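In: have a look; sequence and predicted model below, questions after that.
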Amino acid sequence: MKLYRLLSAGLGALALTLSAQAAGGAKHPHPPKEGWAFAGPLGEFDMASVQRGYQVYREVCSSCHSMKLLSYRNLGEPGGPFYDSEYPNANDNPLVKQFAMEDEILSETPDEYGDYQYRPARPSDAFRSPYPNEQAARAANGGAYPPDLSVITKARGHGADGDGANYVYSLLSGYPGFDELQFGEDADGEPFDYYQFDHGDEKGRLVQPIGQYYNPYMAGDVSAYWDGDPRHTPKGGFLAMGPQLMPGRVEYMDGTEATVEQMATDIAQFLQWAGDPKQIARKSLALPALIYLVILAILLWFSYQRIWRKIGH
Amino acid sequence: MSGHESTYTPNSGFEKWLDSRLPIVRLAHDSFVDFPTPKNLNYWYTFGGILAVCLAIQIITGIVLAMHYTATVDEAFASVERIMRDVPFGWLLRYVHAVGASMFFLAVYVHMFRGLYYGSYKAPREVLWLLGCVIFLLMMATAFLGYMLPWGQMSLHGANVIIGLFGAIPLVGEGIQTWLMGGPSIGNQTLQRFFSLHYLLPFMIAGVVILHIWALHVPGNNNPTGVEVKDVEKDTVPFHPYYTVKDGFAIVLFLIIFAGFVFYAPNVLGHADNYIEANPLVTPAHIVPEWYLLPFYAILRAITFDIGPIQAKLLGVIFMFGSIAVLFALPWLDTSKVKSMRYRPVAKQFFLGFVAAALLLGWCGASNPDDPIIPLGEDKLQVSYTTEAGVDGVAVFEAYDDAAAFRSEKLAEGSTASIAIKKASAFRFIHLAQILTAYYFAYFLIILPYLGLRETPKDEPDAIHKAVLGSAHGAAAVPAE
């Protein structure tokens, strides 16, 4: 019976530790070397980085990806990257107005003749979407649908602080370099692209299908394109988006050097903010709430001791 | 407690007037102030109060959320996000409600294990236990309905799986399925009826909770010794202030854990896929329910075999519902006269095994059933080929280079050849889930009925106050929160 009890306790502990194990498929995403400023109980956004991230979104991502749940005014609201205490109402913030005005959107309300007209956006409008609908997006992207990025950082990982940003950062900076791509010809003389793997047990050739790009952080299954030991298929998957962040792709307004890591860090931090704009407000309310509860618990503990002092129990 | 004289004395003229017309203040006084409660209740007994708080939190946050939520397939997802972005403290409401569901189940499982350990389901508390089981069922239904409302990928596809279970019922299954969905597939009409029912069921829970407390207050509380109250003077203390303060302390400790999740990791208990808007055309790679339903999901998937004319799919459904139905029969399955497992040394071991089995079933429910837990041997490589003459053959290799060389050789001969993995046999999650499912049912259907007749219990104390005074440091260590 002792043994049985030990065994069941051991199995219970095993269940708890192993249930946290990650599902296979893609390489485990990681944060940039310097970590995330927003992570941890006292984390705060590096606002300069979130601002640069918005620039990357505007100049690179937004040509294919929508962010339908965000409005221009969000950028200037408390906790937003362009919040200015001189303009408590974000709709008055000149920078936000400027960002909105530069985008033309189709008005949702008809004009006096009943026609829908294009007009410059206002801070209260939602971010301009690159395509009018999913079909148009697919038609323009070889059948693939660029996902909406509004809550992408909450839609990846396991819900832990920074999971989603790790994913965005790792995916965007994790494509194999162009110099690693090799070119071959099959038996019929048709050209194809491939990556040659040679580390550890991962030895072989991974053919990249036309219009697809290999990324080790993408969830997926590449076994159909793997010529090598099927027991050691490389992690990752193919996606229709090629590497976007070439060095210097963006010319940062604040003069920061636009390396791949820098741009990936900035866009990940911007999307982290966009996915949950109230997260810093949330964390900053945590401490007062917890201190209140702990003091209340201490008072109740002493009340309990005092009330029960004469009762054997 | 029945037989306990009311000690309420109306003081003011108004109280006297009201008391002779509607003695509601007397009822409250007798139920929550002067209610005689055993002296020796430990912290495991505070979860009833914790659960009342959980229900109140869910109803209050839920009512406010419903003011801002839109139950249509086109707007539900965005409306939940709008609550978190634009409604003042909407993020707090929504995260408290979502985390609150998990906390509610955490507390209810502790409460149920407490009842199992101290034999709280035995005479004269069978009805109390049955009402508790009804509440548990209603809670599962409410949680399932509520999980649909954010209209994420798991909402839709999880609901599809659960509603699909009813399709396994012979003859009427498909009809029930269509009736539940309000059409041939999950759509706007399903979301709207789920919202309506998600609003209704919590109030039904509240109603059954009142019956549950009523059924508690007729025989009075069980206690860790399982010995009934014999002398109200010596064995009990009034509920207020003794247990209001003790429960209050435990509730605040529970709220600290609750707040930790809400403020620091509000999404860690949910599934990330539910932040992808529902799309019927894209099925998630792994459909899993919320953590609190995983053990039952594991039981459902553990049944992969037919028994006689009953197909595996229907059998899985029967076992899953049976795992809850068996709880209703428990008061009559356990044959032991002794309530508390403190005095049942053998049953106690099996109980601890049951707790471990329930946790491990949760692990199985979260994992892919075909994944190995303990591999027995190494995966090998199998080269399958067909020669030009049409002869099929198979060769097995350990090293890839040998397999690849063999394949090249065959290809050079003009045969077709391909390499595939020959999986080593392994002890897989499906096997563990089957063993644990067997133990789950054996615990209720074999172990408890048989053990009650065979086990020699330890001596119970004569009375609660003797147990309390007999051991200065408590009969068993009081577990911390």
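Out: Perfect, I can see it now.
In: how about low-confidence regions in the stretch 1-150 of chain B?
Out: By pLDDT under 70, the weakly predicted segments of the stretch 1-150 of chain B are B:1-3.
In: repeat that for 80
Out: Applying pLDDT under 80 to the stretch 1-150 of chain B flags the ranges B:1-4.
In: quick one: the helices in it?
Out: Along the stretch 1-150 of chain B, counting by DSSP state H, counting those that start in this stretch, helices occupy B:13-19, B:24-32, B:47-68, B:76-86, B:90-117, B:126-148.
In: now the strands for chain A?
Out: Along chain A, the segments classed as strands by DSSP state E run A:104-106, A:118-120, A:181-185, A:191-199, A:202-208, A:213-215, A:226-228, A:237-239.
In: do stretch B:58-67 and chain A meet?
Out: No. Stretch B:58-67 lies out of reach of chain A by C-beta under 8 Å from any C-beta of the partner chain, never closer than 15.1 Å. Glycine gets a C-beta too; all of them are placed from N, C-alpha and C.
In: er, stretch B:410-429 actually
Out: Yes. With C-beta under 8 Å from any C-beta as the criterion, chain A is reached by stretch B:410-429 at B:Ile419, B:Ala420, B:Ile421.
In: tabulate the helices of the stretch 1-150 of chain B (a markdown table), appending distance to B:Pro280.
Out: Shown next, in a markdown table, are those (distance: least, C-beta to C-beta, whole Å):
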| stretch | distance to B:Pro280 |
| --- | --- |
| helix B:13-19 | 57 |
| helix B:24-32 | 50 |
| helix B:47-68 | 25 |
| helix B:76-86 | 14 |
| helix B:90-117 | 23 |
| helix B:126-148 | 13 |
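In: correct me if wrong: A:Asp276 contacts A:Ser150.
Out: No. Using C-beta atoms under 8 Å, A:Asp276 is not in contact with A:Ser150, being 10.3 Å away.
In: quick check: closest non-adjacent residue to the residue of the stretch 51-200 of chain A found nearest chain B.
Out: With C-beta to the nearest C-beta, the shortest gap between the stretch 51-200 of chain A and chain B falls at A:Gly159, namely 3.5 Å. Sequence neighbours aside, B:Asn267 is the residue nearest to A:Gly159 in space, at 3.5 Å (criterion: C-beta to C-beta, 6 or more residues apart in numbering or on different chains).
In: for that neighbour, give me its contacts.
Out: Contacts of B:Asn267 were listed using C-beta atoms under 8 Å, 6 or more residues apart in numbering or on different chains, and they are A:Lys154, A:Gly159, B:Tyr275.
In: tell me the domain ranges of the chain?
Out: You didn't pick a chain, so chain A it is. Domain ranges of chain A: A:177-241, A:288-313, per automatic domain parsing.
In: the intended chain is chain B.
Out: Domains of chain B are assigned by automatic domain parsing as B:35-372+B:445-467, B:380-422.
In: wait, what's in contact with the residue in chain B sticking out farthest from the centre?
Out: Within chain B, the residue lying farthest from the chain centre (C-alpha atoms, centre = their mean) is B:Glu413, at 60.4 Å. Contact partners of B:Glu413, counting by C-beta under 8 Å, 6+ apart, are B:Thr387, B:Glu388.
In: 10 Å instead?
Out: By C-beta atoms under 10 Å, 6 or more residues apart in numbering or on different chains, the contact set of B:Glu413 is B:Tyr385, B:Thr387, B:Glu388.
In: are any of those buried, and which?
Out: B:Tyr385 (16 or more other C-beta atoms under 10 Å in any protein chain shown).
In: would you list the contacts of B:Glu413 in a markdown table and tack on pLDDT and distance to chain A?
Out: Compiled in a markdown table, those are given as follows (pLDDT from 0 to 100; distance: C-beta to the nearest C-beta, whole Å):
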| residue | pLDDT | distance to chain A |
| --- | --- | --- |
| B:Tyr385 | 92 | 16 |
| B:Thr387 | 88 | 20 |
| B:Glu388 | 86 | 17 |
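In: of the contacts of B:Glu413, just say which sits nearest to B:Ile464.
Out: Of all the contacts of B:Glu413, the one sitting nearest B:Ile464 is B:Tyr385; the distance, using C-beta to C-beta, is 78.1 Å.
In: ok, the closest one touching B:Ala417?
Out: Yes. Contact criterion C-beta atoms under 10 Å: B:Tyr385 and B:Ala417 qualify, at 3.8 Å.
In: list residues touching both of these two?
Out: Joint contacts of B:Tyr385 and B:Ala417 (C-beta under 10 Å, 6+ apart) are B:Gly393, B:Ala395, B:Phe406, B:Arg407, B:Glu409, B:Lys410, B:Leu411.
In: count of neighbours near B:Asp231?
Out: Neighbours of B:Asp231 under the rule other C-beta atoms under 10 Å in any protein chain shown: 10.
In: from the domains of chain B, which stretch is densest packed?
Out: Greatest average neighbour count among the domains of chain B goes to domain B:35-372+B:445-467 (a mean of 18), per mean count of other C-beta atoms under 10 Å in any protein chain shown.
In: ends of that one, what's the gap?
Out: One end of domain B:35-372+B:445-467 sits 21 Å from the other (C-alpha to C-alpha, to the nearest Å).
In: where does chain A have low pLDDT?
Out: Within chain A, the ranges that satisfy pLDDT under 80 run A:1-24, A:312-313.
In: could you redo the last one with a cut-off of 90?
Out: A:1-26, A:108, A:178-179, A:185-190, A:199-202, A:310-313 (pLDDT under 90).
In: in it, which spans are helices?
Out: For chain A, the helices defined by DSSP state H cover A:2-18, A:47-59, A:72-76, A:94-101, A:134-140, A:163-173, A:260-275, A:279-307.
In: mind checking how far the longest one is from the chain centre?
Out: If you compare the mean C-alpha spot of helix A:279-307 with that of the full chain, they lie 33 Å apart, counting by C-alpha atoms, centre = their mean, to the nearest Å.
In: burial of the residue nearest to A:Tyr195 when sequence neighbours are not counted, as a residue count?
Out: Nearest non-adjacent residue to A:Tyr195, counting by C-beta to C-beta, 6+ apart: A:Leu206, 4.7 Å away. A total of 22 residues lie near A:Leu206 under the criterion other C-beta under 10 Å.
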